[in-house]
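[1] With the input below, show me the fold.
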Amino acid sequence: MSEAPPKTLKKLRTLTQIAADLRQGKDFNITRLTLLKGLCSDPDAAAQFALYIAKKTEQAMKGPGRSRSKKQQRHQQLTSRAVRRMTAYLKNRNEEAEESLDELLLEIRVIQDRYERQRWGTVRIIESRELLVVETALDCVLRPWAPSHLGYRLARQYAERYNPRYGTGLIPESAPMVEDIAEFWGKHLLGREWKKRLVE
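    Numbering: from 1, shown residues only. All right, here's what the predicted structure looks like:
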């Protein structure tokens, strides 16, 4: 595997440091993740990142301790379908597979297609953060002309959390998600032994 440019290595080190700091109780503005825009500039890499985050989201939705209302079961089923279809599409890109992804994206959007007028403007009402992540992952795969913007938005939706003590942003509860993001890019850019290569 070829050596990553120094700027890329610096971004990976920054990501791993953010995750480590979050584990120690620190918090950061969500814009710290803008460094991902450069990593996501390649549409193929951004699409693989989107699939990875969708798979992680699917695992979390199936995890122990999750309530299983009919609505949540429906969201989980849609997420599993999205992961299967994205996987198939990225292995064999064709018009039929693309249309299937587009139809699923529309189906997911319709579920959370409620808006409310509030003091500062019209706001989309999101009932399932996980389904929003999957929606953006599908967008990432289907819209290769905006990989940096969509890749950053996906990472933001995946990692951002709220806690009254910290507010909204990258907070200690975000640590596992930031670790997931670093894991994908580390392996993608440096291979399985990416952590060792990062400290060389």
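
[2] C-alpha only now, for contacts and for neighbours.
    Will do.

[3] phi, psi of the residue in the chain sticking out farthest from the centre?
    Centroid-distance maximum for the chain: Arg119 at 29.5 Å, with C-alpha atoms, centre = their mean. Backbone dihedrals for Arg119, given as degrees, to the nearest 10, come out at phi -50, psi -40.

[4] what's the spacing between it and Tyr162?
    For Arg119, the distance to Tyr162 equals 21 Å [C-alpha to C-alpha, to the nearest Å].

[5] thought Thr8 was touching Leu39?
    Yes. With contacts counted by C-alpha atoms under 8 Å, Thr8 reaches Leu39, the gap being 7.4 Å.

[6] Show me which of the two is the more surrounded one.
    Taking other C-alpha atoms under 10 Å, Thr8 and Leu39 do not tie; Leu39 has more neighbours (21 against 18).

[7] show me what contacts the more buried one?
    The contact partners of Leu39, taken as C-alpha atoms under 8 Å, 6 or more residues apart in numbering, are Thr8, Ala46, Ser148, Trp185.

[8] gap between it and Thr57?
    21 Å.

[9] pull the CA atoms of the helix or strand of the chain with the lowest mean pLDDT into CSV?
    The helix or strand of the chain with the poorest confidence is strand 121-125; it has a mean of 74 (mean pLDDT, DSSP states H and E). Extracted in CSV, the C-alpha atoms of strand 121-125 (Å, rounded to 0.1, in the frame of the first residue of the first chain):
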residue,chain,number,x,y,z
GLY,A,121,-37.7,29.2,10.4
THR,A,122,-39.0,25.9,9.1
VAL,A,123,-37.5,22.8,10.8
ARG,A,124,-37.6,19.2,9.7
ILE,A,125,-38.8,16.9,12.5
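
[10] Name the strands paired with that strand and say parallel or antiparallel.
    strand 114-118 (antiparallel) (DSSP bridges).
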